[in-house]
Structure formats: C-alpha cells, structure tokens
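Novice: Curious how this folds, go ahead:
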Amino acid sequence: MWNRMASTMAAAALTVATATAALPAAANGLNNALGGALGGVAGAAVGGAVGGSTGSVIGGAIGGGAGGALTSHRRDRTGAIIGGAVGGGAGTAAGNAMGGPAGGLIGAAVGGGAGAALGGNISRNSHPERASYHRRAKHHRHY
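Specialist: Got it, this is the predicted structure:
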C-alpha cells in the first residue's frame, strides 16, 4: 500500500513540476485550462492514493482550483479558482462513477481545465477595461 501511494505521489509531483516549469508567464484561457487540468489530475491522484474515491474528488477540486490560481492573471484569478475547483471535483466524481480511478483522473483533467478556462473568461469579462472606462469619462467644454 505504501509503495503504491509513494509511486503515485512521485508521479504526481513530477507532473506538477514539469507543467509548472513549462508554463509561460503570460496567462490566457489556454493557460488557465492547462493549469486547471494538470492541477486537477495531480490533486485527484494524490487524493485517491490517500483517501480513495472521496479523497480523489476532494483532491481534484483542490488541485483544479490551485492550478487555475497559478496560471491566471489577477483579473481572472477568482473565476479561474472557482471554476477549476468546481470542474475538478465534478469531473473527478463523474469520471469515478463512469470509469473507476482512471476515469476519475480523466474527468479531473477535463473538468478542471474547462472550469478554470470558463471561470477565468467570465471573471475577465465582468471587469470593465481601463481604457474604455476612461474613454467614457471625457469632459467636453461648452462655450
């Protein structure tokens, strides 16, 4: 049991380290999706090794939110965290129900990635752009 858990945790740590080093500094929807997917898979793998099916769902949610947080700009960070967490947890639960532990990992990747990308996009679009805000605030002289 400990040997299996140690190998799973080592694989998850290697995946996260490789993905973190490969991510560029500029974040957009694709980077949010990549971060949410990798975080969801790593969290689900570690959670499944420690706590079984329930642990994988909790780990997928935490990992998806953390991955979305690491790869997003300040403008879209809140949405990426919430979307990655909800998508990672729901994807892991659905994957576990349909395909067992391997399905849970695939579900965590798809759900965490889609949730982080969608949440970041919604959060980004809910804030007005600074340039358009200043354009509306022009003062005209009336003679």
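
Novice: alpha carbons only for contacts and neighbour counts from here, please
Specialist: Fine.

Novice: pLDDT below threshold where in this structure?
Specialist: 1-27, 127-140, 143 (pLDDT under 70).

Novice: In it, what residue spans correspond to helices?
Specialist: Counting by DSSP state H, the chain has these helices, from start to end: 2-22, 29-70, 77-125, 130-136.

Novice: how about CSV for these, with distance to His142 and mean neighbour count added?
Specialist: Shown next, in CSV, are those (distance: least, C-alpha to C-alpha, whole Å; neighbours: other C-alpha atoms under 10 Å):
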stretch, distance to His142, mean neighbour count
helix 2-22, 56, 14
helix 29-70, 45, 29
helix 77-125, 35, 27
helix 130-136, 17, 9
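
Novice: tell me the contacts of the residue nearest in space to the middle of the chain?
Specialist: With distances taken as C-alpha atoms, centre = their mean, Gly36 lies nearest the centre of the chain, 2.1 Å away. Shown in contact with Gly36 (C-alpha atoms under 8 Å, 6 or more residues apart in numbering): 63-68, 80, 84, 88, 109, 112-117.

Novice: rerun at 6 Å
Specialist: 64, 67-68, 84, 112-113, 116 (C-alpha atoms under 6 Å, 6 or more residues apart in numbering).
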